[in-house]
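# sequence and predicted structure are below.
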Amino acid sequence: MLTFDRALANPLRASVMYPPDRRLFRPFAVAARVADLLAAVGPRAGLYAHVPFCETKCTYCDYETVPLGKYAGAGVEAYVQALCTELRTTLAALPRATTITGFDIGGGTPGAMSAEQFLRVIDTLGAARLAAGFEISTETTPTLAAADPPKWAAIRRAGVSRVSMGVQTDDEALLGRMNRAQDKSDRMRRGIDALRDAGFAIVNLDLMFALPGLTAERFIESVDFAIALAPDVITIYDTVYKNRGIATQARRWDLTPSPKDYGDQYDRAFLRLNAAGYRGRYGSVNFSRVPGRLGTSRYLESRILDGADYAGVGLYASSLAGNVWRFGKKSYGAWIEHAARGDLAAEDVYALPKAHVMAKYLLLALSYGYVDGARFQARFAERFSDRFARARSFAIDRGLLQQHGDDYTIVPGAFADLPGLRALFYPDDALPWLEVPL
Ligand code: SF4
């Protein structure tokens, strides 16, 4: 299939993030009342709160962030107050019958909040309407984790049960080039100790691979470093996960990892992590040694594996209700102004054709290494194998996917071909974007 080869020729376009370019969705932009969109949310939904403060801006980062140094103290407090107001207004607008599967407090760097601020955000959620297995998950940098161990114990007591710490690599020269020089390996060690001592049920550590200039040997040293820190879960993101930010960085350094580079690095890490007791399905980016858990948050699992609706609060947070994708206000000042007065405002709303929602769903599901046929059918009311008959046959013949009844897993060794596999699920109007350089 031509699509497969086109995607491999421009792999940064065919990342796990869909759409390949937001301009693809312009024709689907609509005007809508946010309260009406929230009223249409399904019976089970995830909840996300965005905390945009970061100590520095990492060179590869595409997320909506603001400098912590500029807002520390009164600025963070004003944000937290507005966030609680927006959360209260959002919960009031959801259908009464909707239960919340999980709550992610992400960013940015939520660890920039005090324990008392965490508690206030969590208290705003309340105890009603929580689904069975509900949990709260958050994130931190090594520097913020190491700086104040008692704070993390208090955040645990406030009800957060899972925490993720972004390490990315222990190569300090590379960290410096990524504008993360503050996260020295000693802080990574002390940060993990602080999180473990705080008693979180799951402590995750993030690494990135195929970074421009990172060799396979050096990446495996980072994997060994992470294993030695003994978190419960290790997540390894390939650089094409991050799409535009990595493309910018690769250009700046004149170094672009090839699909073969990241396939090789993934394959080596897969073997190393499984041998060390971190179990993960081939193709998945998550490796867990927690029995019965994939290692990701309940929020993310319901959003990605079930394709469930989710509601986001905070600066430029995204939400999905059915086939309608929405983003909150993008300008910091505009967001604060609307959120603080309980006004649910949107920057962009897209009413997406089903084919695009399916593509978003499948690309993210593949980051767990598989497509669950029953979940796909429950979400879209049609069978994966019927809807994608041609793509499915091509992927099986080409040795990319294996069929197990209604489910499909990625064939070991096929990681390097993932950009091509992902693009097989693109609707026709997305295909021209494979040719457009990032
Ligand atoms: S810490 Fe995370 S959110 Fe903040 S700039 Fe770096 S990658 Fe982006």
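The structure has been received and is ready for your questions.

# report pLDDT for the residue nearest to Arg189 when sequence neighbours are not counted.
With sequence-adjacent residues excluded and distances taken as C-beta to C-beta, 6 or more residues apart in numbering, Arg189 is closest to Leu229, at 6.5 Å. The C-beta positions use only the backbone N, C-alpha and C, and glycine is treated the same way. Confidence at Leu229, expressed as pLDDT, is 97.

# Thr140 too?
96.

# please apply the same query to Glu64.
86.

# just checking, the residue nearest to Arg189 touches Arg190?
No. Between Leu229 and Arg190 there is no contact under C-beta atoms under 8 Å: 10.4 Å.

# between these two, tell me which one has more neighbours.
When Leu229 is set against Arg190 and neighbours are counted by other C-beta atoms under 10 Å, the residue ahead is Leu229, at 20 against 17.

# quick one: contacts for the more buried one?
Going by C-beta atoms under 8 Å, 6 or more residues apart in numbering, Leu229 touches Met188, Arg189, Ile192, Leu205.

# lowest average confidence, helix or strand, in this protein?
helix 244-253 (a mean of 66; mean pLDDT, DSSP states H and E).

# for stretch 271-289, C-alpha coordinates in CSV please.
Taking C-alpha atoms only, stretch 271-289 is exported to CSV below (Å, rounded to 0.1, in the frame of the first residue of the first chain):
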residue,chain,number,x,y,z
LEU,A,271,13.9,-7.2,26.0
ARG,A,272,15.7,-5.5,28.8
LEU,A,273,12.6,-4.3,30.7
ASN,A,274,10.8,-7.6,30.4
ALA,A,275,13.9,-9.4,31.6
ALA,A,276,14.0,-7.1,34.6
GLY,A,277,10.3,-7.9,35.5
TYR,A,278,8.7,-4.9,33.8
ARG,A,279,6.0,-6.6,31.7
GLY,A,280,4.7,-5.0,28.6
ARG,A,281,3.0,-6.2,25.4
TYR,A,282,5.2,-5.7,22.3
GLY,A,283,4.6,-2.3,20.9
SER,A,284,3.3,-0.9,24.2
VAL,A,285,5.2,2.1,25.7
ASN,A,286,4.2,1.0,29.2
PHE,A,287,6.1,-1.6,31.3
SER,A,288,4.7,-2.5,34.6
ARG,A,289,5.6,-4.7,37.5
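
# flag every residue of the stretch 51-200 of the chain that's near the ligand.
Cys54, Lys57, Cys58, Cys61, Tyr63, Thr65, Gly107, Gly108, Thr109, Thr141, Gly166 (C-beta under 6 Å from any ligand atom).

# again, 8 Å this time
Taking C-beta under 8 Å from any ligand atom as the criterion, the stretch 51-200 of the chain approaches the ligand at residues 54-58, 60-63, 65, 107-109, 139, 141, 166, 179-180.

# can you say which of those are buried?
54-56, 58, 60-61, 63, 65, 107-109, 139, 141, 166, 179-180 (16 or more other C-beta atoms under 10 Å).

# mind picking the two most distant members of those?
Using C-beta to C-beta, those span at most 17.7 Å, a distance reached by Glu139 and Asn179.

# correct me if wrong: Val349 contacts Val324.
Yes. Assessed by C-beta under 8 Å, Val349 is found in contact with Val324 at 6.4 Å.

# and the most centrally placed residue in the chain, helix, strand or coil?
Here the mean C-alpha position of the chain is nearest to the C-alpha of Leu300 (C-alpha atoms, centre = their mean), at a distance of 7.5 Å. At Leu300 the chain is in helix, as set by DSSP: H, G, I helix; E, B strand; the rest coil.

# which residues touch it?
If you count contacts by C-beta under 8 Å, 6+ apart, then Leu300 has Gly46, Gly102, Asp104, Ser137 around it.

# in TSV: those residues, plus secondary structure and pLDDT.
Formatted as TSV, those follow (DSSP: H, G, I helix; E, B strand; the rest coil; pLDDT from 0 to 100):
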residue	secondary structure	pLDDT
Gly46	strand	97
Gly102	strand	97
Asp104	strand	98
Ser137	strand	98
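
# ok, back up a step: distance of the residue nearest to the centre of the chain from Tyr278?
18 Å (C-beta to C-beta, to the nearest Å).

# next one: Ile105
According to C-beta to C-beta, Ile105 and Tyr278 sit 25 Å apart.

# what of Gly111?
For Gly111, the distance to Tyr278 - C-beta to C-beta - is 24 Å.

# neighbour count for these two, which is higher?
Gly111 (29 against 25).

# which of the contacts of Leu229 lies closest to Ala414?
Distances from Ala414 to the contacts of Leu229, taken by C-beta to C-beta, are shortest for Leu205, at 25.6 Å.

# isn't that closest one right up against Gly191?
No. With contact defined as C-beta under 8 Å, Leu205 does not count as touching Gly191 (9.3 Å).

# excluding its backbone neighbours, what's nearest Arg252?
Per C-beta to C-beta, 6+ apart, closest to Arg252 is Thr59, 7.5 Å.

# and the one you found, helix, strand or coil?
coil.

# would you map the strands across the stretch 151-300 of the chain?
160-168, 202-209, 233-238, 286-288 (DSSP state E, counting those that start in this stretch).

# show me what the first one packs onto, helices and strands only.
Under the contact definition 3 or more C-beta pairs under 8 Å, 6 or more residues apart in numbering; DSSP states H and E, strand 160-168 sits against strand 136-140, helix 142-147, helix 185-198, strand 202-209.

# re the thing from before, test my guess that the residue nearest to Arg252 contacts Met178.
Yes. Using C-beta under 8 Å, Thr59 is in contact with Met178, at 5.1 Å.
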